[in-house]
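Sequence first, then the predicted structure, then my questions.
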Amino acid sequence: MGKTALIVGASGIVGSATAELLVREGWTVHGLARRPVEQPGVRPVTADLQDGTATAVALADIHPDAVFITTWLRQDSEAENIRVNSAMVRNLLNGLSKPAGPRHVALVTGLKHYLGPFESYGQGALPQTPFREEQGRLDIENFYYAQEDEVFAAAIRDDFTWSVHRPHTVIGKAVGNAMNMGTTLAVYATLCRETGRPFIFPGSAMQWNGLTDMTDAGQLARHLLWAAETEGAHNEVFNVVNGDVFRWKWMWGRIAAWFGIEASPFDGTVHPLEKQMAEDEPLWRKIALRDGLAEADLTRLASPWHTDADLGRPIEVVTDMSKSRRLGFTGYQSTDEAFFTLFARLRANGFIP
């Protein structure tokens, strides 16, 4: 018999890419979301994970071999991030706690494990790069740690295996996602082309000149599937990136060229996108109406605040994947091609002109 998966956050960047992969691989895929969207081959499950009783009812007849947790809810403070997001994981795993419960649970977190939460992002004493999995938790509260602890506790209780996946900034397609650099840059480039404004790198000199890496959603999906199906990868934490490194001083020109615009020379100062794009909602609605785009609400496509946080870091960020390589994961994705593939997909699906 085929395998069954439950993807939590199935309509998001990571969840949708994972769903596409598992459907192609012949899995029966259930996609849980507060407001499920139609996805080929995915059986929608409507549930608000903040409601434990309703979550248990929604999951009563679902018996997944593997669960992939790819969602979170942003709150106004880290204390609230911890309270809400740990409760969501706890309610989910309590709802699956039954004799035919999952065999494996995969949790997607990220490099804030090493860099700290939004309130103290990239501040204080940070581990040296490249980041390695054996570098422990920072001495600060972090909702990623709280999510992990819920998975670890449920795994002991219900005897399933687990894996934790820490991507760098994820490149992929989703609408209404809180952390979406690829689409944000596509919208920004489109606005610059439309208005003749300079295509200005919004971040720090360190990010412009230093080495960095990223994670394509498809690469992460392949990593999730590999860990679920590989015994040696069970009960392990993993970094997961594309496998290449680059400098933004090179990538910025590549992105500009794709959109047929000039990259503005970097002047050494930070120009946040949140400020550059603050007045652009009416203009985007005008462009969307003129060109018949699929989404006229700029706030559902772009997340300038998150892109600013990533590109404004004061330290070089490079991620080590040796652990995955030693255990047999050989996936690789060129980062510039990941951007170009996303841009082409956004255009084909009518999200950018």
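Noted; the coordinates are in hand.

CA atoms for contacts and neighbours, from now on please.
Fine.

now do the same end-to-end measure for stretch 225-234.
For stretch 225-234, the first-to-last residue distance is 12 Å (C-alpha to C-alpha, to the nearest Å).

let's number from 58 now, not from 1
Done: numbering now begins at 58, and the last item shifts to stretch 282-291.

chain center to that stretch: distance?
What separates the centre of stretch 282-291 from the centre of its chain is 20 Å, taken as C-alpha atoms, centre = their mean, to the nearest Å.

buried ones in that stretch?
Across stretch 282-291, burial judged by 16 or more other C-alpha atoms under 10 Å covers Leu282, Trp283, Ala284, Ala285, Ala290, His291.

Same list as before, these that is, but in TSV and with secondary structure, pLDDT and distance to Arg160 included.
Formatted as TSV, the buried residues of stretch 282-291 follow (DSSP: H, G, I helix; E, B strand; the rest coil; pLDDT from 0 to 100; distance: C-alpha to C-alpha, whole Å):
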residue	secondary structure	pLDDT	distance to Arg160
Leu282	helix	98	13
Trp283	helix	98	14
Ala284	helix	98	12
Ala285	helix	98	9
Ala290	helix	98	13
His291	coil	98	10
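
Going by distance to Ile213, which of the residues you listed wins?
Closest approach between the buried residues of stretch 282-291 and Ile213, by C-alpha to C-alpha: His291, at 13.5 Å.

who's in contact with that closest one?
Residues near His291 by C-alpha atoms under 8 Å, 6 or more residues apart in numbering: Thr218, Trp219, Ser220, Ala284, Ala285.

Of the residues you listed, which is the nearest to Trp84?
Ala285 (12.6 Å).

Would you mind confirming that that closest one makes contact with Ala123?
Yes - distance between Ala285 and Ala123: 6.9 Å, which falls inside the contact criterion (C-alpha atoms under 8 Å).

any common contacting residues for these two?
With contacts taken as C-alpha under 8 Å, 6+ apart, the residues that reach both Ala285 and Ala123 are His161, Val162, Ala163.

give me the element the second one is part of.
Right, the one you point to is Val162. Element membership of Val162 [criterion: DSSP states H and E] is strand 161-165.

which strands and helices sit next to that strand?
Taking 3 or more C-alpha pairs under 8 Å, 6 or more residues apart in numbering; DSSP states H and E as contact, the helices and strands that strand 161-165 lies on are strand 123-126, helix 200-215, strand 218-224, helix 274-286.

between the second one and strand 161-165, how many degrees?
What separates the directions of helix 200-215 and strand 161-165 is an angle of 180 degrees, with axes from the mean of the first three to the mean of the last three C-alpha atoms, to 10 degrees.

got the contact list for helix 200-215?
Residues lying outside helix 200-215 but in contact with it, judged by C-alpha under 8 Å, 6+ apart, are 135-136, 138-140, 142-143, 146-147, 150-151, 154-155, 158, 162, 164, 166-167, 169-170, 174, 194, 218-219, 221.

now those: which count as buried?
Looking at those with 16+ other C-alpha under 10 Å, the buried ones turn out to be 135, 138-139, 142-143, 146-147, 150-151, 154, 158, 162, 164, 166-167, 169-170, 174, 194, 218-219, 221.
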